[in-house]
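Participant: Prediction below, plus the sequence it came from.
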Amino acid sequence: MPPLRLKSGNVHVWVVDLESAPATPGILSPSELARAGRFRFAKDRRGFIASHAALRQILAAYTDLHPASLDFMTLPHGKPALVSGGLQFNLSHSGELAVVALAAGCELGVDIERLRAQVEMEAIARRFFSPSETEALLAYPEPERAPAFFRCWTRKEAYVKAIGGGLTISLSSFVVSLEPARAELLSGVEAPWTLHSLDVHPSYCAALAVACNPAEISLRRWLPR
Ligand SMILES: CC(C)(COP(=O)(O)OP(=O)(O)OC[C@H]1O[C@@H](n2cnc3c(N)ncnc32)[C@H](O)[C@@H]1OP(=O)(O)O)[C@@H](O)C(=O)NCCC(=O)NCCS
């Protein structure tokens, strides 16, 4: 495969179908394999291996390194990063899909969730969302409420993942838009952060937060190899 290149100011987002992606444990590190071994269900274990194998292959294609020889470190609140190479990335998985977002010289976070209606939306919103987000959510009529809930959830998670704060960040300390057309950080966040919706699949909701205003966000399908 020819090497992949990423211009500064651009973001590439790869969508991985975990059902067809090969679960190649041979390129995973001992700690990834140990984590894989802790999954109770074979399907979850396979999904974890396939997403980490795809992540390594994608990063290898940009860095000209072998997928097994990539070195990762963990930032203070758990965010994984490459030890060298000047490439920022973030991974998210849900159901049968994973997304890997990459940028050069600009921090970012991505979140994907499979749309599902059987979720205690109001209770979760009252616990984690800001009052204005909860009010906006409850104003949606029933059939539109679940997509609005997951837009809010993924937009908030993408930002939390981008800043790498993990569970130390109060999810109600900042406000995102819920509208389908425009993903926005409405308050509680300073520039240069920008938020973007990712149209990955009709049954999923995904969002990207970036510490710049990207010139281009290109969505690509990762083909099994
Ligand atoms: C771990 C967390 C970063 C995201 O978890 P998640 O949404 O369940 O999982 P995702 O699939 O989107 O992301 C997991 C990946 O993010 C990366 N990641 C792990 N910790 C991270 C951190 N602190 N910051 C950014 N990325 C992180 C890893 O690559 C991880 O993949 P792995 O578990 O296969 O190694 C964390 O923010 C979390 O647990 N959030 C839940 C908060 C919550 O209660 N939200 C309520 C709804 S708004």
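Facilitator: Noted; the coordinates are in hand.
Participant: what residue of this structure is the furthest out?
Facilitator: P141 (27.5 Å; Cα atoms, centre = their mean).
Participant: ok, now which ones touch the closest residue to G78 other than its chain neighbours?
Facilitator: Leaving aside its sequence neighbours, G78 sits nearest to G166 (Cβ to Cβ, 6 or more residues apart in numbering; 4.7 Å). Every C-beta, even on glycine, is put in place using the N, C-alpha and C of the backbone. Going by Cβ atoms under 8 Å, 6 or more residues apart in numbering, G166 touches H77, G78, K79, V160.
Participant: Now the two most distant members of those residues.
Facilitator: G78 and V160 (11.0 Å; Cβ to Cβ).
Participant: So the two - more neighbours on which side?
Facilitator: V160 (22 against 12; other Cβ atoms under 10 Å).
Participant: Go ahead and list the helix or strand containing that one.
Facilitator: helix 142-163 (DSSP states H and E).
Participant: How about A98?
Facilitator: strand 97-104.
Participant: buried ones in that strand?
Facilitator: Of the residues in strand 97-104, L97, A98, V99, V100, A101, L102, A103, A104 count as buried by neighbour count, 16 or more other Cβ atoms under 10 Å.
Participant: ditto for stretch 80-99
Facilitator: Those would be 81-82, 85, 88-99, for stretch 80-99 by 16+ other Cβ under 10 Å.
Participant: can you check stretch 16-35 too?
Facilitator: Quick answer for stretch 16-35 (16+ other Cβ under 10 Å): V16, D17, L18, A21, A23, T24, P25, I27, L28, E32.
Participant: go on, stretch 181-195?
Facilitator: Neighbour-count burial for stretch 181-195 [16+ other Cβ under 10 Å]: A183, L185, V189, W193, T194, L195.
Participant: got the contact list for that stretch?
Facilitator: 130, 132, 151, 155, 158-159, 162, 173-177, 196-197, 207-214.
Participant: Buried ones among the residues you listed?
Facilitator: 130, 151, 155, 158-159, 162, 174-177, 196-197, 207-212, 214.
Participant: So which bits of the protein are right by the ligand?
Facilitator: 48, 51, 77-80, 90-93, 109, 111, 128, 153, 156-157, 160-161, 164, 166-167, 171 (Cβ under 6 Å from any ligand atom).
Participant: do that again at 5 Å, thanks
Facilitator: 77-80, 91-93, 111, 128, 153, 156, 161, 164, 166, 171 (Cβ under 5 Å from any ligand atom).
Participant: Taking those together, which two end up most distant?
Facilitator: Largest pairwise distance in the residues of the chain next to the ligand, by Cβ to Cβ, is 23.4 Å, between P80 and F128.
Participant: burial measure for A50, as a count.
Facilitator: 24.
Participant: With the one 4 residues further on instead?
Facilitator: When neighbours are defined as other Cβ under 10 Å, A54 has 27 of them.
Participant: My guess is it contacts L97. True?
Facilitator: No - if you go by Cβ atoms under 8 Å, A54 and L97 don't touch, sitting 10.7 Å apart.
Participant: so what's in contact with those two at the same time?
Facilitator: Joint contacts of A54 and L97 (Cβ under 8 Å, 6+ apart) are V16.
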